[in-house]
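A.B. asks: what's the 3D shape of this:
(2 chains)
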Amino acid sequence: MSDAVEVKTLIIDERPVSARRGQTILEVAREYGIHIPTLCHLDGLSDVGACRLCLVEIKGSSKLVPACVATVSEGMEVSTNTERLLKIRRTILELLFAERNHICSVCVASGHCELQSLAQELGLTHIRLPYRNPQLPVDASHERFTADHNRCILCTRCVRVCAEVEGAHVWDVMGRGIDCLIISDLHEDWGASTSCTSCGKCVEVCPTGALFNKSKIGSGHPKDPYFLPFLNQMRDAR
Amino acid sequence: MSKLKLATVWLDGCSGCHMSFLDMDERLLELAELVDVVYSPLVDAKEFPAGVDIALVEGAVSSADDEKKIRKVRAHSKMLVAMGDCAVTGNVPSMRNPIGPEAILNRAYMENASAQQQIPCVVVPKLLKVVRPVHELVTVDVFLPGCPPSAATFHTVLMALVNGEPLDIPALTRFGA
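C.D. replies: Just a heads-up that it's a prediction; the model follows:
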């Protein structure tokens, strides 16, 4: 009986749903077609709960929990779409836009950017917070790719895909709080990196125009992170 | 019914929003039945008049002159529409913010000038330290993102505003559209 899957029943947005023990609220919600917006989550990578867009309410608790890392429990009652949550999600997006220099009109990812489309989805027409206008580096030293920190939202998808899937761990996070910066190797030029395999996975998983392929400038830059679950499946099967 | 008074204003933008406005083509005739354009780079009036019903503002606030203009526009208009990404977010004009106006002026008029190297200081207005979206200076009633908003967006929005109908802007346009 040790292999038996333990089934939990819970309620998401007034809908009774069933889940396996250990599943996250996000996984279960998506299985049932309940949409929770995310930015740092990506199917095929570990979850870190960094962006907080997937925050949900649990009945009986005043604390909000990130659906991508919170696991289900028996009898749990989850709300994913309350006024309070929408307000928080909009504010999170506004903070992201105000924190760095997101100039959509001249961004290589415009039209294919998850930050841009989430802003539209959540009804953002302007940013109520003052823009910080920080001075940030653009690392174009790599032969094929560029890292533009003006567009980075610190979701760490690049860090995770490089460490977990490619196994190279070129990327990491330097600094604290608002001074955080994604760095390659020991804060060296990407082009000088001895650990980078130039596989381009980080570029494909980047939700914005922070990492892009130089050959795609001016041509629209759709990203393709959907290979990850398949890659993981193939590896598990071996 | 008397026609509504419509004004359009051009601050620090590329005029692309006004071009897109003109791209309404034959729909402009339909609009002209409903509004009088009392002030605009497209018409002859020199002074922003009082009692404007709808003011469309293109461009970010980048100079002392822009700031003076936008305060007057706000004081003289019932409804102020931030038209396009420059007015809504600062957009391309705000790209100088991380390095400041001195660096920009030096690059343009000193480093890259082959003759008559000098920073212009007469007639042209003084640049503000920071380029800001319109709503950071005055109250904005309607935000219309897009670079530029399409002619179809302009048409839908203006017809709704003129007729006092509800408007779902995120369904029409977005930042960078």
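A.B. asks: tell me how many other residues surround residue B:11.
C.D. replies: For residue B:11, the neighbour count with other C-beta atoms under 10 Å in any protein chain shown is 21. In short, each C-beta sits where N, CA and C put it, glycine included.
A.B. asks: so who does the closest residue to it other than its chain neighbours touch?
C.D. replies: Leaving aside its sequence neighbours, residue B:11 sits nearest to residue B:59 (C-beta to C-beta, 6 or more residues apart in numbering or on different chains; 3.2 Å). Residue B:59 is in contact with B:9, B:10, B:11, B:12, B:13, B:17, B:66, B:84, B:86, B:87, B:93, counting by C-beta atoms under 8 Å, 6 or more residues apart in numbering or on different chains.
A.B. asks: is it possible to export those residues to TSV including pLDDT, secondary structure and distance to residue B:78?
C.D. replies: Shown next, in TSV, are the contacts of residue B:59 (pLDDT from 0 to 100; DSSP: H, G, I helix; E, B strand; the rest coil; distance: C-beta to C-beta, whole Å):
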residue	pLDDT	secondary structure	distance to residue B:78
B:9	98	strand	15
B:10	98	strand	20
B:11	98	coil	19
B:12	98	strand	24
B:13	98	coil	23
B:17	98	helix	20
B:66	98	helix	21
B:84	98	coil	20
B:86	98	helix	23
B:87	98	helix	18
B:93	98	helix	27
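A.B. asks: ok, back up a step: and the residue nearest to residue B:11, what are its phi and psi?
C.D. replies: Main-chain torsions, residue B:59, degrees, to the nearest 10: phi 100, psi 150.
A.B. asks: same check on the one 4 residues further on?
C.D. replies: In terms of degrees, to the nearest 10, the main-chain angles of residue B:63 are phi -130, psi 170.
A.B. asks: correct me if wrong: it contacts residue B:129.
C.D. replies: No - using C-beta atoms under 8 Å, residue B:63 is not in contact with residue B:129; the gap is 10.9 Å.
A.B. asks: and those two? Which one has more around it.
C.D. replies: Between residue B:63 and residue B:129, counting by other C-beta under 10 Å, residue B:63 is the more crowded of the two (19 against 10).
A.B. asks: quick one: contacts for the more buried one?
C.D. replies: B:12, B:125, B:126, B:127, B:128.
A.B. asks: got the residues of chain B near chain A?
C.D. replies: Within chain B, the positions near chain A by C-beta under 8 Å from any C-beta of the partner chain are B:82, B:85, B:88-92, B:94-95, B:97-99, B:130, B:132-133, B:135-136, B:140, B:143-145, B:147, B:169-170, B:174-176.
A.B. asks: which ones among the residues you listed map onto helices?
C.D. replies: B:85, B:88, B:89 (DSSP state H).
A.B. asks: who wins on neighbours among the residues you listed?
C.D. replies: Of all these, residue B:85 has the most neighbours under the rule other C-beta under 10 Å, reaching 35 neighbours.
A.B. asks: so where is chain A shaky, pLDDT-wise?
C.D. replies: Across chain A, the ranges flagged by pLDDT under 70 are A:1-4.
A.B. asks: so what's the residue most central in space within it up against?
C.D. replies: The centroid of chain A falls nearest to residue A:40 when counting by C-alpha atoms, centre = their mean (1.6 Å). When contacts are counted by C-beta under 8 Å, 6+ apart, residue A:40 touches A:47, A:48, A:49, A:50, A:51, A:53, A:68, A:155, A:156, A:157.
A.B. asks: from memory the last one sits against residue A:44, does it?
C.D. replies: Read it as residue A:157. No - Residue A:157 lies out of contact with residue A:44 (C-beta under 8 Å); the separation is 10.0 Å.
A.B. asks: what's the overlap in contacts for those two?
C.D. replies: By C-beta under 8 Å, 6+ apart, the residues touching both residue A:157 and residue A:44 are residue A:225.
A.B. asks: circling back: how far away is the residue nearest to the centre of chain A from residue A:120?
C.D. replies: 19 Å (C-beta to C-beta, to the nearest Å).
A.B. asks: follow-up on the earlier one: from chain A, how far off is the residue nearest to residue B:11?
C.D. replies: For residue B:59, the distance to chain A equals 13 Å [C-beta to the nearest C-beta, to the nearest Å].
A.B. asks: tell me how far that residue lies from residue B:25.
C.D. replies: With C-beta to C-beta as the criterion, residue B:59 and residue B:25 are 23 Å apart.
A.B. asks: show me which of residue A:157 and residue A:44 is the more surrounded one.
C.D. replies: A count of neighbours by other C-beta under 10 Å puts residue A:157 above the other of residue A:157 and residue A:44, at 29 against 18.
A.B. asks: next, that one: phi, psi?
C.D. replies: Torsion angles at residue A:157 (phi, psi; degrees, to the nearest 10) stand at phi -60, psi -40.
A.B. asks: now do residue A:66
C.D. replies: phi -70, psi 120.
A.B. asks: wait, doesn't it sit right on residue A:52?
C.D. replies: Yes - using C-beta under 8 Å, residue A:66 is in contact with residue A:52, at 6.1 Å.
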